[in-house]
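S.K.: from the sequence below, what's the structure:
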Amino acid sequence: MAKVLILHTGGTIGMTATENGYQPDGEYFRRAIHHMDSLKAKGMPEWDFMETDPLLDSSRMSVAEWNSIGSLIAGHYNDYSGFVILHGTDTMAYTASALSFMLKGLDKPVILTGSQIPLCETRSDGRDNLITSLIIAGEAKVREVCIYFGGHLLRGNRATKFSADGMQAFISPNYPDLATAGIAIRYNMAAIDNEEKGEFSCRPFENIPIGILKVFPGIQFSLFAKLVCHTLKGIVLETFGSGNLPDDEGILLPMLKEAEKNGAVVTVCSQCPQATVNMHAYEAGSVLREAGAVSGCDMTSEAAVAKLYYLFSTCRDTAEIKQYMEKNIRGELHEN
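M.R.: Numbers count the residues shown, from 1 in each chain. Model (predicted):
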């Protein structure tokens with residue numbers, strides 16, 4: 001019989017109300033799930049429960065927490081047929097993207113889920129999210145990092161948070177759902193990664209200085225020169241449309257060239273959730289390719305950030321990093 005590890009890292013699903021607002025409450029949550037009869041019903045996989053210390057609001061997640069979660073999965077990889085990670089929604093897409101790169105050769109389901117309303121509340125969406133995630137992890141028809149939320153199973157490094165108060169908090173704008181859960185769970189087998197996997201390994205990330213710069217009309221690029229040229233190693237540049245920029249008055253090109261000379265990698269993503277970057281389509285975007293930037297294709301910014309962390313932690317030099325940023329390595333992009 002399938003056996004799944006539930007790993008509670010924090011987030012709304014396990015919070016209770018206090019005078020200062022909702023806060024993680026591990027003691028309440030442990031009691032609650034061990035008394036949920038539906039988790040012990042016929043057809044449910046066996047499961048064990050573990051929690052990280054401290055439990056965190058996901059806005060406080062960092063590279064250190066990603067490494068800890070990845071190491072816990074790796075340490076128990078041979079003990080379980082799947083994993084369910086309970087996590088706050090604010091940074092769930094970042095963590096899912098990070099784990100997708102960190103866990104090379106993953107051949108088991110790792111499902112991240114949580115809730116918009118705490119489990120302690122009557123209308124909590126956490127019950128269905130947890131129950132369905134356990135079933136999906138136990139069935140093991142997906143062998144990758146995913147997010148399950150509000151009836152939809154999404155590839156983890158293709159997901160982005162869409163709503164702060166809707167029950168369907170996540171979307172996958174550039175890749176189809178892996179499954180939908182109605183009366184039955186219907187898997188989209190054509191979208192699921194069924195390729196032969198290599199040997200499993202976990203590669204923790206180094207805490208490289210990485211940043212996101214979102215352009216806007218009237219942006220003064222000179223204000224960011226020191227940060228871009230001398231501080232950051234990885235830069236996700238969120239442009240308009242398919243890779244367009246406002247008029248930079250000749251400032252951006254030398255900035256990016258200086259950053260490249262200092263070992264930085266600039267990856268161009270779009271501010272549009274549903275888009276593919278094409279830096280050759282318009283003159284305004286071609287300046288980026290001339291300056292040494294690479295295309296993020298149709299990656300989310302969350303995936304681009306996680307991929308930069310991974311590649312800076314594994315590659316020999318920036319030329320290799322730039323090469324792999326434009327290649328699909330975990331199902332995170334369609335290559336141009």
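S.K.: I'd like the distance from Gly14 to Ser124, if you could.
M.R.: Plainly put, Gly14 is 11 Å away from Ser124 if you go by CB to CB, to the nearest Å. Quick note: C-beta positions are derived from backbone N, CA and C, even for glycine.
S.K.: those two: which has the busier surroundings?
M.R.: Taking other CB atoms under 10 Å, Gly14 and Ser124 do not tie; Gly14 has more neighbours (29 against 18).
S.K.: which non-adjacent residue is nearest the more buried one?
M.R.: Phe29 (3.7 Å; CB to CB, 6 or more residues apart in numbering).
S.K.: so which bits of the helix or strand harbouring the one you found are buried?
M.R.: Using DSSP states H and E, the element containing Phe29 is helix 26-34. With burial defined by 16 or more other CB atoms under 10 Å, the residues of helix 26-34 counted as buried are Phe29, Ala32, Ile33.
S.K.: give me the below-cutoff pLDDT ranges for this structure.
M.R.: Along the chain, the model assigns pLDDT under 70 to residues 284.
S.K.: which stretches in it count as helices?
M.R.: 26-34, 63-75, 92-102, 126-139, 225-226, 252-261, 283-290, 301-314, 318-325 (DSSP state H).
S.K.: just those: most buried one?
M.R.: helix 92-102 (a mean of 28; mean count of other CB atoms under 10 Å).
S.K.: can you spell out which helices and strands pack onto it?
M.R.: Helix 92-102 sits against helix 63-75, strand 110-113, strand 145-149, strand 160-161, helix 301-314, with contacts defined as 3 or more CB pairs under 8 Å, 6 or more residues apart in numbering; DSSP states H and E.
S.K.: rerun that using 6 Å as the cut-off
M.R.: Counting contacts by 3 or more CB pairs under 6 Å, 6 or more residues apart in numbering; DSSP states H and E, helix 92-102 packs against helix 63-75, strand 145-149, helix 301-314.
S.K.: can I get that helix in CSV? Just the C-alpha atoms.
M.R.: Taking Å, rounded to 0.1, in the frame of the first residue of the first chain, the C-alpha atoms of helix 92-102 are listed here in CSV:
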residue,chain,number,x,y,z
MET,A,92,4.2,28.4,-2.6
ALA,A,93,5.0,28.8,-6.3
TYR,A,94,8.6,29.9,-5.4
THR,A,95,9.0,26.8,-3.2
ALA,A,96,7.5,24.5,-5.8
SER,A,97,9.8,25.9,-8.4
ALA,A,98,12.8,25.6,-6.2
LEU,A,99,12.1,22.0,-5.3
SER,A,100,11.6,21.1,-8.9
PHE,A,101,15.2,22.1,-9.7
MET,A,102,16.7,21.0,-6.4
